[in-house]
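Undergrad: kindly return the folded structure for what I paste below:
(one chain, ligands or ions: 3)
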Amino acid sequence: MNLQRLLFGSLNAKLLMILMLIASFTSVTAAVIFTVYELKTVTDTERIRLNSIANILAPNLTAAVIFQDEYTVNELIKPLLSQSNIVSARVIDAHGNTFVDVLSGVKNNVQIFTEIMIITTPLKMEGVDYGRLEIKADYSLVEKSLLFFAVFLLGILAFILALSFLLALFLRKSLIQPLIHLTSVADLVTKTNNYSVRSEVLSTDEVGNLANCFNLMLETIEQRDHSLEIQVQQRTNALKLANNQLTDQANSDSLSGLPNRRYILDKLSDLIDNSSDTRFAVLGLDLDGFKEINDTMGHDYGDLLLTAVSRRIVNALPDDALVARLGGDEFIVLVEKIESRAAIEAIAEKIKTTITQRFVIKGKHVYVTTSIGIAVFPDDGVTVETIVKYADLAMYKSKANGRNCYHFFHPEMLDNLVKKRALVEDLRAGIRNGEFELYYQPIADLMTKKVCKAEALIRWNHPTRGVVPPLTFIAVAEEAGLIKELGEWVALTAASDLADILKMATGNFQISINVSPLQFKGDEEWILNWFDYMSDLGLNQDAIIVEITENLLMESEESIRSKLTKLKDHGISIAIDDFGVGYSSLSYLQKMDVDILKIDKSFVDDLATESNSRDLCRAMIMMAHHLDIKVVAEGIETELQKQILSDFGCEFGQGYLFSEPLPLNMFKQRYLGGPMAVNLATTLPLIDSVNHGRCLVAEKVGLF
Ligand code: C2E
Ligand code: CA
Ligand code: CA
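TA: Ligands and ions are numbered 1, 2, ... in the order given. This is a model prediction of the structure:
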C-alpha cells in the first residue's frame, strides 16, 4: 500500500513511472529486435566465411583426393582447426567413406548454443564428383559477437533510462512544478483561510491558465469575503446595538427610566457574590394613597406623578445610592458603603421630605407621601430575597404606623409575619368550623328615635383567641383571598337573620352589610346565589343595604359597576361607608345613585371640639341632601354629638351612645319584643359614655 502510494501517490511519481516504463519498454523491444537481427547476421556471415574457406580449399582438396594423397589432404584441412570455432573438418570420398578427418582437441567454454553449424562443400572437378568437405563449427564466434553486442545494448539501455530519468525530471520541473505550486497555494488557502495569497504563474500553458483562473477566483472570493466581512461587521454592530437596547429595556423601567426590578435584584446579587465584606442598605419605598390618586385623577396623571416622584428620589440620593422602580408605586433604594445607621436615616428622611413637598401635575396640585422600610446587609439577612423581603416588612410597619415614615427591619416583624400566617391558617379553619357570628349594631332614626336599621358586623369566636374583632382579620382575609368566602357567608347569614328579625319587627327595617371591595372584583356568582337565597326566604331586597367604601365607587372597572348596578336593580340600597376619609368625588355619588352616606366616626369624634369638623359634617350632610342621599353618622358616643348632628339635619345615627354591636339574640331581645325587649321608641339614649362597653349596655338593658 505504502509502496503503491510512494510510486503512484503523486503526479510527479506517476509521471516518472510512466516515462521510465515507456523508456524501458522501448529500449527492451529495440534490444530484442536488434539482437535477433544481429544473431541472424553474425550466423550468416560465419556461414559465408566458412563457405569461402571451404571453396578456397576445395580445388586442392579435390586434386589430393583424386591422387589419394591423404597427407596433402591432411595438411590442407588441418589449418582449419586453428579457427577457434571449427570443431572438425572431414573429407568424405565419393563413396561416402571418410578419407581424412581432423578433430580439434580444444573445447570451447562458451556454449550457449549447443548446436553445431555444418558446412558441406562438394569436391568436384570437371563435373565429376570426387567427394565432399564437411566442416563442423560451433557458435562460439557468434556467441562472442552477441555478447559484445549485448554489453553494448545494455550500455545503450542504461544510457536511455538515464536520459529518460533526466527528461522526467526536466518535465517535472516544467510541467509538474507549476501544478505542484498551485496545489501548495490551494492547500495554504484551505488551511489558513487567507484568500489574499496568489499563485505564481510558472508557465504559459494550460497550467498557467489554471493558475490565472485560480488567482482570479481567489480575488473574487477575497472581495466577496471582504464585503461579507463588512456586512457581518455592520450586522454585528447593529446586533450589539439592539442587544444593548434590549438589555437597557430589560433592565430599565419604561415609565420612569429608572433601573427596574430585574436590574436591582441582579445588582444586589452581584454585590453579595462579588465581595466578601460588602455592606449595604436596601430601602423599600411605597407611596401612600397613590392608588386613590390614580383612580380619581386617571392613570395618565398617575404616571406623570410617578415620573416626578422618581426624579425627586434620584435628586435626593447621594452619588453612591441607586433607585429602581419595582412596579406600581414601589421603589427600592440601594445605598452602598454605608457608614452608620444615622447616615441611612438621613437618606430616608431626605426622601420622605422631598416627596412630601407639593407636586404640580398638569397644573393641579397633588400631595403624596411615602412609607419606607429599611434592611441592612448582612446584619438583617444574607440573601437578596431576605433583604428585599425584610425591607418590605419594615415598610409595612411604616404603613401600619400611620404612613409617611420609615422603619428599620426588626426580627420582631418576622414574628408578626409568623403570627399573620398563623392567623390565616386559623381563619381557614374558622371558616371550615363555622366560628363566625354576626353582631348587629342598631342605627337609630334621630328624629323618631326608633331603631329602624342595624349594621351587621362580623365577629370571630375563636376557641382560644376569644372573640376576635374584624379589624384584626378582615384585612388578613382580604390578603389571603379568604374574603370572598367570608363575605358570602356574611351576606347569606345577614339575609337569614333579617328574615328572622322581620318576623318580629314592625314597620320598615333594614340590615346593612359590609362588602369588601374585593368581592366586587371577582365573579358575580355570590350575588346571584344571594338573590336566590333571599327569594327562597321570601325576603324583600329593599330591606338590604350594602355598605361599600367610597374608593370603590371611583374604580372604573366595568365588572364593579355592573355588580353595583345589579344590586341597585334588585332594590338593594347602596351606602358609602366611612365617608370623608377617602378620595370622594361628588360626581361619583351622583352617577352611582347612592342611597346612604355614612359619615366617618373621625368627623363625629371632633364635632363638639373642632369647628372644622363641624363645618365638614354640615357640608357633607347638605351635599348629601342636595343629591337626595340620606345620612348616617357613625360612632356617636355623646348626647352632644347626637344633638349637633340632629341639628344639621342628619337623619340617622349609629354608635355606642345607642348601643354597641350585639349578638343576634341579644339584639332581638333588646329591640324586637322579646321578653325583656326595650321599646324602640324609648331606647335612646342607652349609654352615654365612650367607655361603656358591651357589658354595660347589656347591664342597662338587663340582658345579663
Ligand atoms: P365599620 O363598617 O366602620 O363599622 C363600624 C365600626 O365602628 C364597628 O367596629 C363598630 O363596632 C364600631 N363602632 C360603632 N359605634 C362606635 C362608637 O360609638 N365608638 C367606637 N369607638 N366604635 C364604634 P367593628 O365591628 O370592630 O368593625 C370594624 C370594621 O370591620 C368595620 O368598620 C368594617 O369596615 C369591618 N367589618 C365588620 N364587619 C364586616 C363584614 O362583615 N365584612 C367586611 N367586609 N367588613 C366588616
Ligand atoms: Ca360599615
Ligand atoms: Ca364605617
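
Undergrad: now look at the longest strand anywhere in the chain and say if it contacts ligand 1.
TA: Criterion DSSP state E: the longest strand present in the chain is strand 451-462. Yes - legend: contact between strand 451-462 and ligand 1 by CB under 6 Å from any ligand atom is shown at 457-458. Backbone N, C-alpha and C define where each C-beta goes, glycine included.

Undergrad: which of the residues in that strand are buried?
TA: By 16 or more other CB atoms under 10 Å, the buried positions in strand 451-462 come out as 451-460, 462.

Undergrad: tell me which element Lys389 falls in.
TA: Per DSSP states H and E: Lys389 is located in helix 384-400.

Undergrad: tell me the one among the buried residues of strand 451-462 nearest to ligand 3.
TA: Taking CB to the ion as the measure, ligand 3 lies nearest Glu455 of the buried residues of strand 451-462, at 8.1 Å.

Undergrad: quickly list what the closest one is bridged to.
TA: Note on Glu455: beta-bridge partners by DSSP bridges are Gln441, Ser512.

Undergrad: ok, it touching Gly653?
TA: No - counting by CB atoms under 8 Å, Glu455 stays clear of Gly653, with 11.8 Å between them.

Undergrad: wasn't Cys319 part of a strand?
TA: To be clear, residue 319 is Asp; Cys isn't right here. No - counting by DSSP: H, G, I helix; E, B strand; the rest coil, Asp319 is not part of a strand but coil.

Undergrad: now do it, the pLDDT please.
TA: According to the prediction, Asp319 has pLDDT 90.

Undergrad: can you tell me how far Ala211 sits from Val189?
TA: Relative to Val189, Ala211 is positioned 13 Å away (CB to CB, to the nearest Å).

Undergrad: Arg235 sits in which helix or strand?
TA: helix 206-251.

Undergrad: what's the average pLDDT for that helix?
TA: Here the average pLDDT along helix 206-251 is 88.

Undergrad: which secondary structure elements does it contact?
TA: Under the contact definition 3 or more CB pairs under 8 Å, 6 or more residues apart in numbering; DSSP states H and E, helix 206-251 sits against helix 177-192, helix 261-274.

Undergrad: Ile544 and Ala575 touch, don't they?
TA: No - using CB under 8 Å, Ile544 is not in contact with Ala575; the gap is 10.5 Å.

Undergrad: find residues that contact each of the two.
TA: With contacts defined as CB atoms under 8 Å, 6 or more residues apart in numbering, the residues shared by Ile544 and Ala575 are Ser512.

Undergrad: tell me the contacts of Asp44?
TA: Applying CB under 8 Å, 6+ apart, no residues qualify as near Asp44.

Undergrad: between the helix holding Arg235 and helix 177-192, how big is the angle?
TA: Comparing the axes of helix 206-251 and helix 177-192 via axes from the mean of the first three to the mean of the last three CA atoms, to 10 degrees yields an angle of 10 degrees.

Undergrad: show me how far helix 206-251 is from its chain's centre.
TA: 28 Å (CA atoms, centre = their mean, to the nearest Å).

Undergrad: could you pull out the helices for the stretch 601-704 of the chain?
TA: Along the stretch 601-704 of the chain, counting by DSSP state H, counting those that start in this stretch, helices occupy 601-605, 611-626, 639-648, 664-671, 694-701.

Undergrad: got JSON lines for these, with mean neighbour count and mean pLDDT too?
TA: Formatted as JSON lines, the helices of the stretch 601-704 of the chain follow (neighbours: other CB atoms under 10 Å; pLDDT from 0 to 100):
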{"stretch": "helix 601-605", "mean neighbour count": "20", "mean pLDDT": "95"}
{"stretch": "helix 611-626", "mean neighbour count": "16", "mean pLDDT": "93"}
{"stretch": "helix 639-648", "mean neighbour count": "18", "mean pLDDT": "96"}
{"stretch": "helix 664-671", "mean neighbour count": "21", "mean pLDDT": "92"}
{"stretch": "helix 694-701", "mean neighbour count": "16", "mean pLDDT": "27"}
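
Undergrad: and ligand 1, which of those helices is closest to it?
TA: helix 601-605 (6.1 Å; CB to the nearest ligand atom).

Undergrad: quick one: that closest one near ligand 2?
TA: No - against ligand 2, helix 601-605 shows no contacts by CB under 5 Å from the ion, the least distance being 10.1 Å.

Undergrad: which residues touch that helix?
TA: Under the contact criterion CB under 8 Å, 6+ apart, helix 601-605 has outside partners 578, 580-581, 613, 616-617, 620, 633-637, 641, 645, 655.

Undergrad: so which of those residues are also by ligand 1?
TA: 578, 634-637, 655.

Undergrad: tabulate those residues (TSV), appending neighbour count and pLDDT.
TA: Formatted as TSV, these follow (neighbours: other CB under 10 Å; pLDDT from 0 to 100):
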residue	neighbour count	pLDDT
Asp578	18	92
Glu634	22	97
Gly635	19	97
Ile636	30	97
Glu637	21	97
Gly655	26	97
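
Undergrad: among those residues, which pair sits farthest apart?
TA: Largest separation among those by CB to CB: Asp578 and Glu637, giving 16.5 Å.

Undergrad: how close does Ala64 get to Leu57?
TA: Distance from Ala64 to Leu57, by CB to CB: 10 Å.

Undergrad: hang on, Leu326 packs against Asn260?
TA: Yes - with contact defined as CB under 8 Å, Leu326 counts as touching Asn260 (7.5 Å).

Undergrad: in the stretch 51-200 of the chain, which residue sits nearest ligand 1?
TA: As assessed by CB to the nearest ligand atom, ligand 1 sits closest to Asn193 within the stretch 51-200 of the chain, at 75.5 Å.

Undergrad: ditto for the stretch 101-250 of the chain
TA: Ala250 (40.5 Å).

Undergrad: just the stretch 201-350 of the chain next, same as before
TA: For the stretch 201-350 of the chain, CB to the nearest ligand atom, closest residue to ligand 1: Glu292, 16.9 Å.

Undergrad: any idea how many residues pack against that residue?
TA: For Glu292, the neighbour count with other CB atoms under 10 Å is 17.
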